[in-house]
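return atomic coordinates for the entry below.
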Amino acid sequence: MTTKPPDMSEATRLTRAGRLSEATALIKRLLGVNVPPQPSRESAPALAQPILDLVAEVVSPPTPAMNKAETQPQSATPFSKSPIDPPTHQRAPSVLAPDPARYSGETFSNAAGKRTYKFYRPSPAHTGPRPLVVMLHGCTQSADDFAAGTRMNFAADDHGCFVAYPEQIPSANPQKCWNWFQTGHQSRDRGEPSIIAGIVQHIMSQHDIDPRRIYIAGLSAGGAAAAVVAESYPDVFAALGVHSGLACGSARDLPSALAAMQGRHPPHTPRQSAPIPAIVFHGDQDTTVHPRNGSDVVKSASAGGTYVSEIEQGRVPSGRSYARTILRDNSGQSMIEDWVIHGAGHAWSGGSTAGSFTDPLGPDATREMLRFFLEHQLAAKAN
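Numbers count the residues shown, from 1 in each chain. Prediction:
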């Protein structure tokens, strides 16, 4: 008598039964990820919901004593659990914002739920309606962690931009991942996209925000969520930034999410019919979210457009080399930028070691994203 090998339907059954650790292990084996067999539910201790975005390489700048090999991030096992917050207790306010008094915690709620968010107000020296940048953290991160690692508040202050950092809650996802892979959080006026858009509307009601210059960016699961929100609200967001993330529509459940992260999903079909200005960063040695996903974000954002492409090669002094592909429209406007960072893993390029998931050796993704964002604005609405 032969035994039928398990398939994705068995993984789905285990997921629905709440046996998440067993489901995740089975999915990894089906995808070819080398993991040891899991003990049965009866003999295993209770485990948290699997993390869909958690492996970080924190890379310190090289010192004279370090050779070339030592400056590379250590390869991490895909989907392995590792704490990412440095054991340095609470971060000093000085690493979060140029003026900590202008960085505060806020709360927003609607029918889909309640979320806190951190909010940075630029220097009062900047007058008139100002841009707003929404930043979505990755799994296990916090708003403060993401602010410290990206240093977006410092870059934004130079240009008079407001910055909002919505924060996921453990009750929505135990590992604080944005639920980009669930169908209930993939469309306009539903789930987490509606909360994030609602935070924007709330901020606009309280501050002098330029409605034509609102942008959204994120890292990994946050990047995937940012792509969903930007495609769901093209009338709100003027441009999108995705770092080490996935395209909108890459997954519909846990099995397809893990397959997409491994780069083992069907060719991506863009959902929207109009282009979305987007800047994409992805390390070509990312073992957590396959680099193919960066290409899918570009394909999705550029759908429906006609472009002339150019490629630039560069290197950060004493750091990483990179390739930057620019897609320009008929007017010469840069509509898509695709940055591939050579040798980089799953980490925010050019970030600060004050936060997690950062690679100081790469080009400054924060400054480049903000530069790209400010080149774009929504068309003026007809009276």
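
beyond the longest helix belonging to the chain, next helix or strand please.
The residue-count maximum for a helix in the chain (DSSP state H) belongs to helix 191-206. Along the chain past helix 191-206, the next helix or strand (assigned with DSSP states H and E) turns out to be strand 209-219.

which parts of that following strand are buried?
Ile209, Asp210, Pro211, Arg213, Ile214, Tyr215, Ile216, Ala217, Gly218, Leu219 (16 or more other C-beta atoms under 10 Å). To be clear about C-beta, it is placed using only N, CA and C from the backbone, and glycine gets the same treatment.

that older thread, got a list of contacts for the longest helix of the chain?
Identification of contacts with helix 191-206 by C-beta atoms under 8 Å, 6 or more residues apart in numbering yields 106, 108, 110-113, 115, 117, 119, 132, 134, 136, 162, 164, 166, 172, 178-179, 182, 184-188, 209, 211, 214, 216, 225, 228-229, 232-233, 236.

pLDDT on that helix, on average?
Helix 191-206 comes out with an average pLDDT of 98.

same check, this time on stretch 263-276
The average pLDDT within stretch 263-276 is 74.

just the terminal-to-terminal distance for it.
23 Å (C-alpha to C-alpha, to the nearest Å).

what do you get for stretch 220-239?
End to end - C-alpha to C-alpha - stretch 220-239 spans 17 Å.

that stretch: how far from the chain's middle?
10 Å (C-alpha atoms, centre = their mean, to the nearest Å).

before we move on, what about stretch 237-246?
Averaging C-alpha positions (C-alpha atoms, centre = their mean) puts stretch 237-246 7 Å from its chain's average.

so how far does it reach from one end to the other?
Stretch 237-246 end-to-end distance (C-alpha to C-alpha) = 18 Å.

with stretch 92-111 instead?
End to end - C-alpha to C-alpha - stretch 92-111 spans 35 Å.

in the stretch 151-300 of the chain, which spans are helices?
Here the stretch 151-300 of the chain has its helices, by DSSP state H, counting those that start in this stretch, at 152-158, 191-206, 221-232, 254-261, 292-301.

CSV for those helices, including mean neighbour count?
As requested, the helices of the stretch 151-300 of the chain are exported to CSV (neighbours: other C-beta atoms under 10 Å):
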stretch, mean neighbour count
helix 152-158, 21
helix 191-206, 20
helix 221-232, 30
helix 254-261, 23
helix 292-301, 24
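
distance to Thr325 for the ones you listed - can I get that in a markdown table?
Formatted as a markdown table, the helices of the stretch 151-300 of the chain follow (distance: least, C-beta to C-beta, whole Å):
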| stretch | distance to Thr325 |
| --- | --- |
| helix 152-158 | 23 |
| helix 191-206 | 28 |
| helix 221-232 | 18 |
| helix 254-261 | 22 |
| helix 292-301 | 8 |
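
between these, which one is closest to Gly319.
Distance to Gly319, taken as C-beta to C-beta, is lowest for helix 152-158 among the helices of the stretch 151-300 of the chain, at 18.0 Å.
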